[in-house]
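Visitor: with the input below, show me the fold.
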Amino acid sequence: MMTSLFSIFEPSSSLFSLNLNWLSTFLGYLFIPLFFWASPSRWVLLWSKITHTLHNEFKTILGPSNLGLTLLLVSLFSFILFNNFLGLLPYIFTSSSHLAMTMTLALPLWLSFILFGWFNHTQHMLAHLVPQGTPSVLMPFMVLIETISNIIRPGTLAIRLAANMIAGHLLLTLLGNMGPILSAKFLSLLIMAQILLLMLESAVAIIQSYVFAVLSTLYASEVN
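Guide: Reported below is the predicted structural model:
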């Protein structure tokens, strides 16, 4: 039972030893609006508003010396958002529910921020290990705690996104499997519950992509 339940998250479809399910990761590029039309559509105007709002917010967090990092973070938000929403469609593999995908996004970002900070702002990074006002006796413990908290950051980023996406999909799958054994009266209630859960998962897809991008921005702001 447990094996068949979690098999919906297994990229098993393959052709010539290539996992075809991972190709759904690139379907999001088909939804990116085209900006070369003479009169932009409402979808283009809406997406432009969203990206400009995120750009201004990230620029406020990073400060004037963001070195174009806001473009990378807005692209990261868009990529995760498209994959989260695509996972809600039937028969499409949810790549953002796998640690292999989320860790691939989180680990290089965190590693680049850490290396940039230690090579260019060494004193600033050392000062972050000991919060201001810490007693001398507690300084070794605070250095240890801050070091551990910095090391586990990519893991928390990856696990937060994957766990939230898996939880909602599992709940939808469990409730959907109850459909054949329910009467018509309870089946209507189940359909209403599935619609409400789908609306909740749509909100979770937006929130988790936003949280991932904002936390990445906050981590980048600490090394400046």
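
Visitor: what residues are up against residue 66?
Guide: Applying Cβ atoms under 8 Å, 6 or more residues apart in numbering to residue 66 gives the contacts 58-59. Glycine gets a C-beta too; all of them are placed from N, C-alpha and C.

Visitor: what about it, which SS state?
Guide: Three-state call for residue 66 (DSSP: H, G, I helix; E, B strand; the rest coil): coil.

Visitor: and the gap between it and residue 217?
Guide: 9 Å (Cβ to Cβ, to the nearest Å).

Visitor: identify the contacts common to these two.
Guide: residue 58.

Visitor: show me where pLDDT drops low in this structure?
Guide: Residue ranges of the chain with pLDDT under 70: 1-21, 33-39, 65, 67, 224.

Visitor: so where do the strands sit in it?
Guide: Using DSSP state E, the strands of the chain run over 14-15, 18-19.

Visitor: how far off centre is the longest helix seen in the chain?
Guide: Selection of the longest helix in the chain by residue count, based on DSSP state H, yields helix 184-221. Distance, stretch centre to chain centre, for helix 184-221: 12 Å (Cα atoms, centre = their mean, to the nearest Å).

Visitor: buried residues, that helix. List them.
Guide: Using 16 or more other Cβ atoms under 10 Å as the test for burial, helix 184-221 gives 197, 201, 204-205, 208-209, 211-217, 219-221.

Visitor: just stretch 90-108 next, same as before
Guide: 93-98, 101-103, 105-106.

Visitor: quick one: which of those residues sit in helices?
Guide: Short answer: the buried residues of stretch 90-108 in helices (DSSP H) are 101-103, 105-106.

Visitor: so which of the residues you listed is the closest to residue 70?
Guide: residue 105 (16.8 Å; Cβ to Cβ).

Visitor: touching, residue 193 and residue 175? I think so.
Guide: Yes: shown here, residue 193 and residue 175 form a contact pair, counting by Cβ atoms under 8 Å, at 6.3 Å.
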